[in-house]
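J.: Sequence and predicted structure, then a few things I'm wondering about:
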Amino acid sequence: MIAFDLPTAAGTLSIGENSTENKLFKCLSNPAATIDTVKDNWLKFTNVRFVSCGSKIASASLKQLKNIVTAVKL
């Protein structure tokens, strides 16, 4: 786990160093970042899961989803 300081004094998130959230923050904060489809460096939301036989998001997925929302709002 690492502490990620959000810009404009919006606080700090505790996220995994190799997490999707950290990769997303790095990508969004780097104007030169590109997606390389050959090397498959797309962001994969690995902890977004749904309740079986339905469209309801599992409660265990909410932390990653909230972090992703925070990232795209910055």
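T.: Arrived safely.
J.: which residues of the chain fall in strands?
T.: In the chain, the strands defined using DSSP state E lie at 2-5, 12-15.
J.: most packed of the ones you listed?
T.: Greatest average neighbour count among those goes to strand 12-15 (a mean of 16), per mean count of other CB atoms under 10 Å. (C-beta placed from N, C-alpha, C; glycine too.)
J.: what pairs with that strand, and is each one parallel or antiparallel?
T.: As defined by DSSP bridges, the strand partners of strand 12-15 come to strand 2-5 (antiparallel).
J.: what does the average pLDDT come to for the strand it pairs with?
T.: The pLDDT scores in strand 2-5 average 88.
J.: what's next to that strand, contact-wise?
T.: 12-17, 21-22, 25 (CB atoms under 8 Å, 6 or more residues apart in numbering).
J.: swap the cut-off to 10 Å and go again
T.: In this structure, residues lying in contact with strand 2-5 by CB atoms under 10 Å, 6 or more residues apart in numbering are 11-19, 21-22, 25-26, 67, 70-71.
J.: Off-centre distance for it?
T.: Taking CA atoms, centre = their mean, to the nearest Å, one finds the center of strand 2-5 at 13 Å from the center of the full chain.
J.: which residues touch the spatially most central residue of the chain?
T.: Centroid-nearest residue in the chain, with CA atoms, centre = their mean: Glu21, separated by 2.5 Å. By CB under 10 Å, 6+ apart, the contact set of Glu21 is 4, 13, 15, 43, 45, 47, 63-68, 70-71.
J.: Which ChimeraX command selects the buried ones in those?
T.: ChimeraX command restricting the contacts of Glu21 to the buried ones, with burial defined by 16 or more other CB atoms under 10 Å:
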select :4,13,15,47,64,67,68,70,71
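J.: could you redo the contacts of Glu21 as TSV and give each row distance to Ser55?
T.: Converted to TSV, the contacts of Glu21 look like this (distance: CB to CB, whole Å):
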residue	distance to Ser55
Phe4	30
Leu13	27
Ile15	26
Leu43	22
Phe45	16
Asn47	17
Lys63	19
Gln64	17
Leu65	14
Lys66	19
Asn67	21
Ile68	18
Thr70	23
Ala71	23
